[in-house]
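K.L.:
Please work out how this folds:
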Amino acid sequence: MDLNLVSEIWLALLVALQITAVTLTMMHIVLGNRDVPSTVGWSGLVLLTPLVGLALYWMFGVNRIKRRAHRLRPETSLASEQARVRAEQRAHHLLVAEFPQLVPLGHLGDNLVQSPLESGNRVIPLINGDQAYPAMITAIEQAHYSVALSTYIFDDDLAGRLFVDALARAQRRGLAVRVLIDGVGQRFSRPLVRRMLRRLGIPTAVFLESPIPIRNPYLNLRNHRKLLLVDGRIGFTGGLNIRAACLLTQRPPRPVQDLHFQFEGPVVRGLTDAFVLDWAFTTGQRLGGHAWYPNLDARGRTLARCVADGPDEDFDLIRRLILGALTMARQRVRIVTPYFLPDQTLMTALNLTALRGVEVQILLPERNNLRFVQWAAEAQAEQILAGGSRIFLSPPPFDHTKLMVVDGAWCLVGSANWDPRSLRLNFELNVECYDRVLAGRMNALIDSKLARALEIRAPDMRARTLPVRLRDGFARLLTPYL
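P.N.:
Residues are numbered from 1 along each chain as shown. Sure thing, here's the model as predicted:
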C-alpha cells in the first residue's frame, strides 16, 4: 500500500478520534458543570487547545465524588433526635430575643444547612500556632475516650512531631485515635507523616490520595477541613494547618499568621459529624457510640451552627450563606482572607452592600504565597473598589486568617477562603456564630491588623503599568482553574 495513503488514513483516524473526544468532553462539560464561568473556561480551553485542554479537564476538571452524605451519617436514637429538636427551638427563641435583626439570616441557615443552630456554646479564639497548638496538645493529653484529627497539611517538623508524639501517647493509653490527611496536602512535607503515624500503630487514612506524586495546591477536590475532636466534647477548627511556620515565636523562615477556634457545647456534634462522614467515605468505617457522640451540655452563650461544604450534596452552602449575610448587613462587614477571588455574583453583592451605605472592609495579604492568585485578585480590585468597598493590604508575615464579621454580632469562621476552589471544589467546614462578645474580640483583632495595613484605592490600581495590568488580566482569566 502506498505510504502516503497509509499516512493519510492514520491522520484521518486521529482527526476523527480528536473530534469525537472533544465532542464527548464538551457534552460532559455542558451537562455536568453547575458553574457557568467554569463551564465557559473549560469549554474554551478544550476547543482552543484540544490536546492540552482534554488532558487538563479529565485530570482536574471532573468531580468524581458522587457520595450521598446522608447515607454515611451515623444513626441516632429517637430520644437524641427529640433532644436536638428541643435544643433547636431554644436556639431560635434566643435568636429572636437577642438578635432580632439577624432572624432572617438564621432562617436562611436553617433552609440551607442540615445541621441546626445550637445554643449554649463556648468559643475561644486562638491566634497563630503559638496559642492554638498548646491548647490542642493539652486537649489530646487530657482525652479519655477518643481523638480525631483531620488536616490538609501535616508537616514533618517541630509542630508536626509535637502532634505525632501526643497522638502516639493517646494511642498507647488505649484511646480510639483516628487521623485523616488530605492526599495532596500531605505532600507539602517529606518524609510523609502518615508513614510515621502508621508505624506507631495510629489508624491513619489519606483523603483522595493523588496518583500524581507532586506537591500541587491546584489539584481539585481536596479535603481542606482542619478539625480536632477530643472525646466528642471539645472541637477545634479554623485555618491552621500543622506546620512550624505557624509558630511565630520560633521565628520560622517563612512565618504564617493564622486563626483557630476552640469549641465546647452542642455545636461540637456538627464538627464530629463532618469528621465521621469524611472518615466513612475514605475508609468505609463507621464511627459511633459514646466515645464519639456523648451527651453535650451547654458551656457558654454563643449561638452557633456548623456549615459543611463540598462538591457533593453540600454544594455551594458557604457561598450562599455569605451572600445572605451581605444582603442582611446594616452597618459594617469586615472580611479577612488570604485568597480573594470572588465570582461575579459575590462581587455584585459586595458592591450593592457598600452602595446601601454599609461599610465594607476587606483585608488581604500584601504578599501572597500563590503568585497567580495575587495577580488575579489585583485585576478584580478595581471593580470592587469602584463599588465602594475598601481594600487593605496587611504586611508580612503572610496572613492565612479566614474571618467574616457582620454588624458586630455575627461571625463566620473556619477553613474556607473567598475563591472558587474553596467555595466550589474543596471540602470545607465553617461555623457561623451569633455572639456580640466574640464579634467584639474579632473586631479588635481586625483593628490591630488594620493599624499596620496599607489601604489601596482605585487610582492606585489604574496607575499600574500596562505590562502589569496585562499580567493581572490574563491571571484573572485563569480564575475558574485557580
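K.L.:
now the strands for the stretch 151-300 of the chain?
P.N.:
176-182, 204-207, 227-230, 234-238, 256-257, 259-264 (DSSP state E, counting those that start in this stretch).
K.L.:
quick one: strands adjacent to the third one?
P.N.:
So that's strand 227-230. strand 146-151 (antiparallel), strand 234-238 (antiparallel) (DSSP bridges).
K.L.:
Please produce a markdown table containing the ones you listed, extended by mean neighbour count, distance to Leu438 and mean pLDDT.
P.N.:
Using the backbone N, CA and C atoms, a C-beta is placed for each residue, glycine as well. Shown next, in a markdown table, are the strands paired with strand 227-230 (neighbours: other C-beta atoms under 10 Å; distance: least, C-beta to C-beta, whole Å; pLDDT from 0 to 100):
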| stretch | mean neighbour count | distance to Leu438 | mean pLDDT |
| --- | --- | --- | --- |
| strand 146-151 | 26 | 24 | 98 |
| strand 234-238 | 25 | 13 | 98 |
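K.L.:
out of these, nearest to Pro252?
P.N.:
Among these, the nearest to Pro252 by C-beta to C-beta is strand 146-151 (17.8 Å).
K.L.:
quick check: angle from that closest one to strand 176-182?
P.N.:
Interaxial angle, strand 146-151 versus strand 176-182 (axes from the mean of the first three to the mean of the last three C-alpha atoms, to 10 degrees): 10 degrees.
K.L.:
Need the per-residue pLDDT for the nearest residue to Arg301 once chain neighbours are set aside.
P.N.:
Distances taken as C-beta to C-beta, 6 or more residues apart in numbering put Asp435 closest to Arg301, at 6.8 Å, once the chain neighbours are dropped. The model reports Asp435 with a pLDDT of 98.
K.L.:
Quick one: residues contacting Gln142.
P.N.:
Val230 (C-beta atoms under 8 Å, 6 or more residues apart in numbering).
K.L.:
Ok, Asp399 next?
P.N.:
Under the criterion of C-beta under 8 Å, 6+ apart, the neighbours of Asp399 are Val256, Gln257, Asp258, Val336, Pro338, Leu363, Pro365, Lys449.
K.L.:
measure it to Val164 for me?
P.N.:
As judged by C-beta to C-beta, to the nearest Å, Asp399 and Val164 stand 27 Å apart.
K.L.:
Also Pro459?
P.N.:
Counting by C-beta to C-beta, the separation of Pro459 from Val164 is 51 Å.
K.L.:
Out of those two, name the residue with the larger neighbour count.
P.N.:
The residue with more neighbours, out of Pro459 and Val164, is Val164; 19 against 9, by other C-beta atoms under 10 Å.
K.L.:
Apart from its chain neighbours, what residue comes closest to the more buried one?
P.N.:
Closest to Val164 by C-beta to C-beta, 6+ apart is Met196, at 5.9 Å.
K.L.:
what number of residues lie near the one you found?
P.N.:
17.
K.L.:
I'd assumed Ala291 was in contact with Val276.
P.N.:
No - the criterion here is C-beta atoms under 8 Å, and Val276 misses it with Ala291 at 11.6 Å.
K.L.:
more crowded one of those two?
P.N.:
A direct count of neighbours by other C-beta under 10 Å for Val276 and Ala291 places Val276 higher, at 24 against 17.
K.L.:
Now the more buried one. Nearest residue, chain neighbours left out?
P.N.:
Spatial nearest neighbour of Val276, chain neighbours left out: Leu287 (4.9 Å); criterion: C-beta to C-beta, 6+ apart.
K.L.:
I'd like the distance between Ser415 and Val267.
P.N.:
Separation of Ser415 from Val267 (C-beta to C-beta) stands at 15 Å.
K.L.:
so where does the residue nearest in space to the middle of the chain fall, helix or strand?
P.N.:
Centroid-nearest residue in the chain, with C-alpha atoms, centre = their mean: Ala416, separated by 2.6 Å. When elements are assigned from DSSP states H and E, Ala416 belongs to no helix and no strand.
K.L.:
Distance to Arg332 added to the strands of the stretch 151-300 of the chain, as TSV?
P.N.:
Listed next are the strands of the stretch 151-300 of the chain as TSV, based on distance: least, C-beta to C-beta, whole Å:
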stretch	distance to Arg332
strand 176-182	35
strand 204-207	37
strand 227-230	30
strand 234-238	22
strand 256-257	22
strand 259-264	19
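K.L.:
Among those strands, which comes closest to Arg476?
P.N.:
Arg476 lies closest, by C-beta to C-beta, to one member of those: strand 256-257, at 25.3 Å.
K.L.:
what's in contact with that closest one?
P.N.:
Asn128, Arg243, Ala245, Cys246, Leu248, Pro397, Phe398, Asp399, His400, Thr401.
K.L.:
One more: stretch 288-301?
P.N.:
Here stretch 288-301 makes contact (C-beta under 8 Å, 6+ apart) with 74-76, 119-123, 145-146, 148, 176, 229, 231-233, 264-266, 268-269, 272, 276, 435, 437.
K.L.:
Least confident secondary structure element in the chain?
P.N.:
Scoring the helices and strands of the chain by mean pLDDT, DSSP states H and E places helix 69-72 at the bottom, with a mean of 50.
K.L.:
Can you show me the strands along the stretch 351-482 of the chain?
P.N.:
So, for the stretch 351-482 of the chain - with DSSP E, counting those that start in this stretch - the strands run 359-365, 390-394, 398-399, 403-406, 410-414, 428-434, 454-456.
K.L.:
These: which one's closest to Leu208?
P.N.:
Among the strands of the stretch 351-482 of the chain, strand 428-434 comes nearest to Leu208, with 14.5 Å by C-beta to C-beta.
K.L.:
helices or strands next to the top strand by length along the chain in the packing?
P.N.:
In the chain, assigned by DSSP state E, the strand with the most residues is strand 118-127. Here strand 118-127 touches helix 78-98, helix 128-141, strand 259-264, strand 302-309, helix 436-450, going by 3 or more C-beta pairs under 8 Å, 6 or more residues apart in numbering; DSSP states H and E.
K.L.:
Pick the most buried one from the ones you listed.
P.N.:
Among these, ranked by average contacts under mean count of other C-beta atoms under 10 Å, first place goes to strand 302-309 (a mean of 26).
K.L.:
List the contacts of the nearest residue to Gly408 once chain neighbours are set aside.
P.N.:
Nearest non-adjacent residue to Gly408, counting by C-beta to C-beta, 6+ apart: Ala439, 5.0 Å away. Residues in contact with Ala439 (C-beta under 8 Å, 6+ apart) are Val405, Gly408, Ala409, Trp410, Cys411, Cys433.
K.L.:
switch to 10 Å and redo it
P.N.:
If a contact means C-beta atoms under 10 Å, 6 or more residues apart in numbering, then Ala439 has Arg334, Val405, Val406, Asp407, Gly408, Ala409, Trp410, Cys411, Cys433 as its contacts.
K.L.:
before we move on, what about Thr282?
P.N.:
The contact partners of Thr282, by C-beta under 10 Å, 6+ apart, come to Ser150, Leu180, Ile181, Gly183, Ala205, Val206, Phe207, Leu208, Glu209, Asn223.
K.L.:
Narrow those residues to those that are buried.
P.N.:
Neighbour-count burial (16 or more other C-beta atoms under 10 Å) applied to these gives Ser150, Leu180, Ile181, Gly183, Ala205, Val206, Phe207, Leu208, Asn223.
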